[in-house]
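[1] The sequence isn't on hand, but the structure is:
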């Protein structure tokens with residue numbers, strides 16, 4: 001088939017790599033226009049745009065739906081992966097076989113922008129990928145393929161997304177076989193849930209919550225927007241932690257160095273902070289940070 005891919009983030013790259021060597025023809029890539037990013041607000045291309053340029057695949061970065069429509073008329077199928085834009089029904093019907101989407105959850109659970117992060121935040125023990133036929137709704141179309149992936153206890157958002165991006169290649173491949181075979185996708189079954197984008201304010205930790213729920217947020221929100229708290233009036237990002245195994249008693253947000261562990265109190269058990277990023281500094285060991293900070297008695301975050 002003659003295929004196009006509309007995608008923006010790094011997680012689309014494994015599928016793009018496979019498509020380039022598959023028996024299909026990757027005609028072109030569609031990605032978001034270059035945008036300013038970072039402290040210097042330099043103009044940068046998306047990871048998918050960079051991939052297309054490196055691999056000499058036709059790239060377009062449309063700003064209007066009409067531009068997108070013009071790029072689909074000679075395609076058999078469009079595959080979308082985190083493109084960042086909802087396409088209207090009139091656009092979805094242009095390719096011969098329509099459009100499919102690779103989504104990083106087991107639909108209908110976690111529809112929306114942050115399915116991986118929301119699954120970890122909720123304490124799920126499994127996630128997965130779904131490839132479905134796009135319709136005008138928010139991840140509501142019928143499913144061609146889905147693959148389940150376990151979520152380990154230490155897996156963070158970054159690691160799970162990386163795993164799902166690789167597994168997604170198999171799901172896309174199976175979906176293309178199904179489409180070529182004339183197989184009809186199956187409507188979504190089960191209770192739907194939403195996975196809205198995570199705000200920075202939402203990622204601020206409440207130390208009165210349980211250690212388990214706080215740990216899930218730390219895991220889920222890495223690397224973006226990253227869980228954070230306030231220490232001595234400055235933001236402190238936390239990228240890795242674990243639940244303290246002993247019966248250590250600290251008040252919510254209270255800091256303490258116990259042996260070789262930098263600990264902090266929650267609403268129930270204490271947490272061991274493992275990796276942090278103080279304001280204006282690079283990520284470091286929490287123990288090294290604590291040695292430099294020299295906590296005062298009963299000093300707290302929050």
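    Received the coordinates, thanks. Note that the structure is predicted; figures quoted are calculated from it, not measured.
[2] how about residue 80, what does it touch?
    Taking CB atoms under 8 Å, 6 or more residues apart in numbering, we find residue 80 in contact with 5, 6, 7, 87, 99, 100, 101, 102, 134. C-beta: built from backbone N, CA, C; applies to glycine.
[3] The same query, at a cut-off of 10 Å, please.
    4-8, 12, 30, 86-87, 92, 99-103, 134 (CB atoms under 10 Å, 6 or more residues apart in numbering).
[4] Let's see which of these end up in helices.
    Judged by DSSP state H, helices contain the following of the contacts of residue 80: residue 92.
[5] Just the buried residues of the contacts of residue 80.
    When burial is judged by neighbour count using 16 or more other CB atoms under 10 Å, the buried members of the contacts of residue 80 are 4-8, 12, 30, 87, 92, 99-103, 134.
[6] Tell me the one among those residues nearest to residue 277.
    Compare each of the buried ones among the contacts of residue 80 with residue 277 using CB to CB and the shortest gap goes to residue 8, at 25.4 Å.
[7] right, and the closest one touches residue 32 too?
    Yes - under the contact definition of CB atoms under 10 Å, residue 8 touches residue 32, with a separation of 4.8 Å.
[8] Can you name the residues bridging to residue 77?
    Residue 77 forms beta bridges with residue 3, as assigned by DSSP bridges.
[9] Tell me which residues touch it, please.
    With contact set as CB under 10 Å, 6+ apart, residue 77 has these partners: 1-5, 24, 95-100, 175-176, 179-180.
[10] Which members of those residues are the farthest-apart pair?
    The farthest-apart pair in the contacts of residue 77, when distances are taken by CB to CB, is 5 and 180, at 17.2 Å.
[11] Domain parsing of the protein, as residue ranges.
    Partitioning the chain according to automatic domain parsing yields domains covering residues 2-180, 211-293.
[12] need those domains in a markdown table with distance to residue 186 and mean pLDDT, can you?
    Putting the domains of the chain into a markdown table (distance: least, CB to CB, whole Å; pLDDT from 0 to 100) gives the following:
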| stretch | distance to residue 186 | mean pLDDT |
| --- | --- | --- |
| domain 2-180 | 6 | 96 |
| domain 211-293 | 29 | 95 |
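[13] Relative to residue 197, which of those is closest?
    Closest approach to residue 197 among these (CB to CB): domain 2-180, 4.2 Å.
[14] Endpoint to endpoint, that closest one covers what distance?
    Separation of the first and last residues of domain 2-180 by CA to CA, to the nearest Å is 12 Å.
[15] now stretch 205-213
    Stretch 205-213 has its terminal residues 10 Å apart, counting by CA to CA.
[16] buried sites along it?
    When neighbours are counted by 16+ other CB under 10 Å, the buried residues of stretch 205-213 are found to be 205, 207, 209, 211, 213.
[17] For the fourth one, list the residues it contacts.
    Read that as residue 211. By CB under 10 Å, 6+ apart, the contact set of residue 211 is 241-244, 264-272.
[18] Redo these as JSON lines? Include secondary structure and distance to residue 190.
    Conversion of the contacts of residue 211 to JSON lines gives the following (DSSP: H, G, I helix; E, B strand; the rest coil; distance: CB to CB, whole Å):
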{"residue": "241", "secondary structure": "strand", "distance to residue 190": "32"}
{"residue": "242", "secondary structure": "strand", "distance to residue 190": "32"}
{"residue": "243", "secondary structure": "strand", "distance to residue 190": "31"}
{"residue": "244", "secondary structure": "coil", "distance to residue 190": "37"}
{"residue": "264", "secondary structure": "strand", "distance to residue 190": "38"}
{"residue": "265", "secondary structure": "strand", "distance to residue 190": "38"}
{"residue": "266", "secondary structure": "coil", "distance to residue 190": "33"}
{"residue": "267", "secondary structure": "coil", "distance to residue 190": "32"}
{"residue": "268", "secondary structure": "coil", "distance to residue 190": "32"}
{"residue": "269", "secondary structure": "coil", "distance to residue 190": "33"}
{"residue": "270", "secondary structure": "coil", "distance to residue 190": "37"}
{"residue": "271", "secondary structure": "strand", "distance to residue 190": "33"}
{"residue": "272", "secondary structure": "strand", "distance to residue 190": "37"}
